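> Have a look at this prediction, sequence included:
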Amino acid sequence: MDAVAPARPPIDSRPTLSRRLNDWGLLVGVIGAIVGFVVGWGIGSVAIAYSFGEDNSLGSDPGILLGYSLSVVGFLAGMGFLNYPIGRLLGRPKASEEDNAYLHGEGGGIARYFRMTTDHKVIGLQYLVMILAFLFIGGLGAMFIRAELLTPSPTVATPQSYLTLVGLHSTLMIFMASAAIIGPFGNYFVPIMIGSRNMAFPRLEALTFWLLPPAGLILLSTVFLGGFSTGWTGYAPLSDQNVAGMDSYLMAFALIGLSIGLSGLNMIATIITKRAPGMPLTRMPIFVWGVFVTSFLGLLAAPALIGAVLMETIDRSFQTTFYVPAGGGSPFLWENLFWFFGHPEVYIFIIPAFGVVMEMLPVFTRKPLWGYRVSIGGMVGVGLLSFTVWQHHLFVSGLAPSLRPFYMFSTELISVPTGIIYLIALGSMWRARTRFSTPMLFIGAFFFNFLIGGFTGVFLSDVPSDFTLHASYFVQAHFHYTIMGAEVFALMAAIVYFLPKMTGFTMDTKLLKFQFWAVFLTFNGTFISLISVGILGMTRRTISYAADLQPLNVSASVFAFGLGASMALFLGILIWEAVIKRTRAVENPWESLGVEWQVPTPVPVFNFDKVPTSWSLPYDYDTGKPATDLGSVSPALSGA
Amino acid sequence: MRNRATAVRVLIGTWIVLAIAGDIGLGLAPMPPGLASNLASDESTVIRILAMAAWPIFSGVLAGMFFTLIINKFAPSQSEATATELRGNGRLQSIWIVTTVVLVLILATYGTVELAVEEPGGGITTVSAPLPQPASADQPLEVQVIAQQWWFTFRYPSYGGVETANLVLPVGQKIEFNVTSLDVVHSFNFYALGVKADAVPLNDNQVTVTPTEIGTYRIQCTELCGLWHGNMAENTAMVVSQSDFATWIQQQTALDAPIMKYLPPYSHTYEPEPTVYGS
């Protein structure tokens, strides 16, 4: 059924009521969210007032949390997510081909980007816009933080607003980073790369995306509830002291955890069951492998987060004491659960970046990917080890000191599979006639930045040196080198690289090359300054610091403002070229051999008319043989 | 640079010069956190050794990558690339993996040995009676660090549990910090001594250290602990001579005498204040 497009009647021109509602999905969803919030908040507040006779029941945790929960349910119901499961429960027949095609967005036009659709390509673009919005808002937060840190004592912000700013910046960026590569490019290109017409669970895929906007808005709504002072790590029992703003953090993080876990489940099912005939696991493009490994991490790590957050929620709402020492609980429980999620989480950020960079590298070096099988081993190795290292965040916590050598060893061991990625890069670049197109510049910067990120990590994995550097700006600079310097640079490379396929427009201009050098230099200027203040003992998340550290902080801030400006320039070029000016891209501008560049642009609604059965790795640049034969090779390749 | 062999030689030469010059620099430069205690000098030695080991590898990978990217622009290869150059070289991959594993083993062994020698302690201990006043430099002087929002308090159990706002330590005396908290998770950071220990309610986190340099230092909280976390660095810390310490502790004991009966009896941990829920 997958191989040939089924014949089906055209979509009815007189839509049913449910379709009319679905066409206005976003609006109906917002109405549902508002109704849900009011109902939940009301019930929760009344119940609290009735049970405890509290005066201030309108701001109570159970009321707020119930409001948030029902608003998410209302939003999803309004979007139409419940139609199918409820219909099946009531015994209605399975969706017809026509219904599926409608839901997939056939003939939908621009409106399908604002409603629930099951087309992975629409969802990929929705993800891209959402990721960029998170990146932009989170980046604004970073600018405020650096402005505040120009002076060693509070000036712009109050301590509470500063901590809320830190919490919002970090949490939003974590949301952004956990889907930055896998969201837009994983959803868009994995089905195409494995020769599938769809994801395994298309409705679930839509759900994983539509959990993000509520999560982002709920997190931002913390500013109306007093903010939260715990940063993104949410350590208990500080989180128990916080006002209702903490509930926004907990609810938003639970939704993101749900999204990460479900997305992982869906990707695993898709990659295992939906591969085209003739494509064994050992012939999948390396990016698909990256997504595959990451999906296991997401599926296994996210439940720990959701559980931890749930326990904190009932600690706050119903006075249980999982994390409260006075009641027999332990703050170490939160630290362990959080980092058991938190450390695989950072590899959820970086493994798709490895994948997408290794996918693009052969295109620009015009050589096969050097050591394809070993590179899979590298990513699988990182994935396996990622579950064994979490207590390196707790070396100074006083927890189980005798276990520290083990966590030191397992952490240092991760440098072996990571080192493999560098060997692959060196091998792929060796004797290559590299084309220094803009994505290749970003790829080069990715390897440079991640090398610094990796080597700073060695100092943190070693217990004695971690005693000096733990919780300092050295740590902060270390993870910004890996997340911003590596993952976001890979994201920018991937946007420039894939935009012509996703939209038909190109953003590769002279200005973009200037933007690359600006972002690369200001990024390194910022974080080399912060590595230095960290070595000198400046501790994280403080609004005040020792006066003699001011020069380095001013240097970091000035570079950071440049970094912010150059990131904004990237966004500006993207919007100008792809939305306003709409510069047409040539077909297959990078002369890639990948199957995703051989399907026509825009990609047909169901990707392939006829899925081919003979596949090879898409990196045969020595022979110029494309991944598979779709019948009509694109013009750019016919001369190769 | 038309000749690739020359280019390779230039590259390797540049790398060796860079690696040696960098390592000499790292060998001579002062390393954090300084030499004000045995722990601090151990940590700065570890950081120095890690940096000296990392720099040649770091510069080698960077130089290699830069070289491979640039060389073909200036000295393109005349011959066809071989299959192992195109698709992977099993031997080279094995060598790379084995080398990195060996490096990691050396690193981890070194770190473990350092940890065993240093005994920075830590962990949950059973509550025991405070030690008497130390008779020798080898016998540790217990100092309790009590963190709460947003300051530290220090108790000296060997001197009747006297409580002070400022930390004063005798130079050359082995100190055992017992770090605990009364409310949320804090972290006691005496940067110059190389001490960093989380303060967790109902937990006693121990660190042993011998200060070796007299001076006035900064101490701060390094775990986000709420509103005034950034200002939890107001307590002063001093390392003084043994005789100055004896004078000071006598003064403190005399000062504290009237209030001693109101202080809770000395204990390794204290019952935390009940959590005040925000809303």
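Sure thing, it's come through.
> Next, the distance between the ends of stretch B:205-218.
In stretch B:205-218, first residue to last residue: 20 Å (CA to CA, to the nearest Å).
> List the buried residues of it.
Buried residues in stretch B:205-218, counted by 16 or more other CB atoms under 10 Å in any protein chain shown: B:205, B:206, B:207, B:208, B:209, B:210, B:211, B:212, B:213, B:217, B:218. Yep, even glycine has a C-beta here, placed from its N, CA and C like the rest.
> number of nearby residues for the closest residue to residue A:437 other than its chain neighbours?
Once flanking residues are discounted, residue A:437 sits nearest to residue A:364: 6.2 Å by CB to CB, 6 or more residues apart in numbering or on different chains. Other residues near residue A:364 come to 26 when the count uses other CB atoms under 10 Å in any protein chain shown.
> May I ask you to confirm that residue A:364 is in contact with residue A:443?
Yes. The criterion here is CB atoms under 8 Å, and residue A:364 meets it with residue A:443 at 7.1 Å.
> before we move on, back to that, among the buried residues of stretch B:205-218, which ones lie close to chain A?
B:205, B:206, B:218 (CB under 8 Å from any CB of the partner chain).
> what about the strand or helix carrying residue A:268 and chain B, touching?
Secondary structure from DSSP states H and E places residue A:268 in helix A:245-273. Yes. Interface with chain B: helix A:245-273 contributes residue A:246 (CB under 8 Å from any CB).
> Any buried residues in that helix, and which?
Per 16+ other CB under 10 Å, helix A:245-273 contains these buried residues: A:245-268, A:270-271.
> helices or strands up against that helix?
Applying 3 or more CB pairs under 8 Å, 6 or more residues apart in numbering or on different chains; DSSP states H and E, we find helix A:245-273 packed against helix A:61-79, helix A:159-179, helix A:187-193, helix A:202-210, helix A:212-220, helix A:286-318.
> what angle sits between the first one and helix A:245-273?
Interaxial angle of helix A:61-79 relative to helix A:245-273 (axes from the mean of the first three to the mean of the last three CA atoms, to 10 degrees): 40 degrees.
> Just the C-alphas of helix A:61-79, formatted as CSV.
Output of helix A:61-79 as CSV, limited to C-alpha atoms (Å, rounded to 0.1, in the frame of the first residue of the first chain):
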residue,chain,number,x,y,z
ASP,A,61,-1.2,26.1,43.2
PRO,A,62,-4.0,23.5,42.6
GLY,A,63,-6.2,26.1,40.9
ILE,A,64,-3.4,27.3,38.6
LEU,A,65,-2.3,23.8,37.8
LEU,A,66,-5.8,22.6,37.1
GLY,A,67,-6.3,25.7,34.9
TYR,A,68,-3.1,25.0,33.0
SER,A,69,-4.0,21.3,32.5
LEU,A,70,-7.5,21.9,31.3
SER,A,71,-6.4,24.7,29.1
VAL,A,72,-4.0,22.3,27.3
VAL,A,73,-6.8,19.8,27.0
GLY,A,74,-9.1,22.5,25.7
PHE,A,75,-6.5,23.7,23.2
LEU,A,76,-5.9,20.2,21.9
ALA,A,77,-9.6,19.4,21.8
GLY,A,78,-10.2,22.6,19.9
MET,A,79,-7.5,21.8,17.4
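> re the thing from before, from the buried residues of stretch B:205-218, which is closest to chain A?
residue B:205 (3.2 Å; CB to the nearest CB).
> The closest one contacts residue B:181, correct?
No. Using CB under 8 Å, residue B:205 is not in contact with residue B:181; the gap is 9.2 Å.
> Need the overlap of contacts for those two.
Common contact partners of residue B:205 and residue B:181 (CB atoms under 8 Å, 6 or more residues apart in numbering or on different chains): residue B:199.
> what ranges do the strands span in the stretch 51-200 of chain B?
B:141-148, B:151-156, B:162-164, B:167-170, B:175-181, B:186-190, B:195-199 (DSSP state E, counting those that start in this stretch).
> These: which one's closest to residue A:33?
strand B:186-190 (39.0 Å; CB to CB).
> Which strands and helices lie in contact with the closest one?
strand B:141-148, strand B:195-199, strand B:215-221.
> what inclination does it have with respect to strand B:175-181?
Counting by the same axes, to 10 degrees, strand B:186-190 lies at 150 degrees to strand B:175-181.
> picking up where we left off before, would you format the strands of the stretch 51-200 of chain B as a markdown table with mean pLDDT included?
Putting the strands of the stretch 51-200 of chain B into a markdown table (pLDDT from 0 to 100) gives the following:
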| stretch | mean pLDDT |
| --- | --- |
| strand B:141-148 | 92 |
| strand B:151-156 | 93 |
| strand B:162-164 | 91 |
| strand B:167-170 | 94 |
| strand B:175-181 | 91 |
| strand B:186-190 | 94 |
| strand B:195-199 | 92 |
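> Save the ones you listed as a markdown table, and put in mean neighbour count too.
Shown next, in a markdown table, are the strands of the stretch 51-200 of chain B (neighbours: other CB atoms under 10 Å in any protein chain shown):
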| stretch | mean neighbour count |
| --- | --- |
| strand B:141-148 | 22 |
| strand B:151-156 | 20 |
| strand B:162-164 | 20 |
| strand B:167-170 | 22 |
| strand B:175-181 | 25 |
| strand B:186-190 | 28 |
| strand B:195-199 | 28 |
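> okay if I get the ones you listed as TSV plus distance to residue A:100?
Putting the strands of the stretch 51-200 of chain B into TSV (distance: least, CB to CB, whole Å) gives the following:
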stretch	distance to residue A:100
strand B:141-148	60
strand B:151-156	64
strand B:162-164	73
strand B:167-170	70
strand B:175-181	58
strand B:186-190	55
strand B:195-199	54
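> Now residue 221. Nearest residue, chain neighbours left out?
Using chain A. residue A:248 (5.4 Å).
> hmm, I had chain B in mind actually
residue B:232 (3.8 Å).
> so what's residue 252 up against?
Defaulting to chain A. Counted by CB under 8 Å, 6+ apart, residue A:252 has contacts A:171, A:175, A:215, A:216, A:218, A:219.
> think we crossed wires, I meant chain B
Counted by CB under 8 Å, 6+ apart, residue B:252 has contacts B:156, B:159, B:162, B:164.
> measure the third one to residue A:185 for me?
Looking back up the chat, that one is residue B:162. Distance of residue B:162 to residue A:185, given as CB to CB, to the nearest Å: 63 Å.
> name the element the closest residue to residue A:75 other than its chain neighbours belongs to?
With sequence-adjacent residues excluded and distances taken as CB to CB, 6+ apart, residue A:75 is closest to residue A:33, at 3.8 Å. Per DSSP H and E, residue A:33 falls inside helix A:25-52.
> In the stretch 51-200 of chain B, what residue lies closest to chain A?
Nearest to chain A in the stretch 51-200 of chain B, going by CB to the nearest CB, is residue B:88, at a distance of 3.7 Å.
> How about that residue: what's its closest non-neighbour residue?
residue A:371 (3.7 Å).
> quick one: contacts for that neighbour?
Counting by CB under 8 Å, 6+ apart, residue A:371 makes contact with A:420, A:423, A:424, A:427, B:87, B:88, B:89, B:93.
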